[in-house]
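>>> One predicted model, sequence on top.
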Amino acid sequence: MSLYAALDVKTAKLQGKTAKRHTSDEFIAFVSDLVKSARWAKEIHIVLDNLSAHKTTAVQQFLADHPKVRFHFTPTYSSWLNQVEVWFAKIQRDLLARGIFTSVADLSRKIRNAVTGDTASKSTKQ
């Protein structure tokens, strides 16, 4: 399972989505949702790692169709120590390492609840 996450550094608002795999189609769908939620923005800057799914022909076409979206790739083999990575570490520590999951759907639901801050579902041992 893949977790896509985006952090608005101005508001500290996090948006996330789970997917069965990390494909360029899933990635484009996630970024499309980000663009829709930020229609007001003159420019959208997205910092990414160098995963091949972020650099396909379909992704290049998405960027051509959305000129206000700019991708910035971290250097290859560099450590990506930023706020989203800290958040991923927190999910690993607080949810995944201690969690009991009855299915992939249960895991996905609990991750989405962590992303949205749903306190009613915070327990990892539901």
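Everything's here; your move. Numbers count the residues shown, from 1 in each chain.
>>> Please count neighbours and contacts with C-alpha atoms only from this point.
OK.
>>> any chance you could map the strands in the protein?
With strands called from DSSP state E, the chain shows them at 2-8, 13-19, 44-48, 69-73.
>>> now the lowest-mean-pLDDT helix or strand in the chain and strand 13-19, what's the angle there?
The helix or strand of the chain with the lowest confidence, counting by mean pLDDT, DSSP states H and E, is helix 83-91 at a mean of 76. Relative orientation of helix 83-91 versus strand 13-19 (axes from the mean of the first three to the mean of the last three C-alpha atoms, to 10 degrees): 60 degrees.
>>> Bridged to Ile44, which residues?
Note on Ile44: beta-bridge partners by DSSP bridges are Val69.
>>> what residues are up against it?
For Ile44, the contacting residues are 35, 38, 68-70, by C-alpha atoms under 8 Å, 6 or more residues apart in numbering.
>>> just to revisit the earlier point, show me what the least confident helix or strand of the chain is packed against.
strand 2-8 (3 or more C-alpha pairs under 8 Å, 6 or more residues apart in numbering; DSSP states H and E).
>>> can you give me the angle the strand it packs on makes with helix 83-91?
Using the same axes, to 10 degrees: strand 2-8 against helix 83-91 is 130 degrees.
>>> List the contacts of strand 2-8.
13-22, 27, 30, 83-84.
>>> Only the buried members of those: can you turn that into a ChimeraX selection?
Applying 16 or more other C-alpha atoms under 10 Å to those leaves a buried subset, and the ChimeraX line that selects it is:
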select :15,16,17,18,22,27,30,84
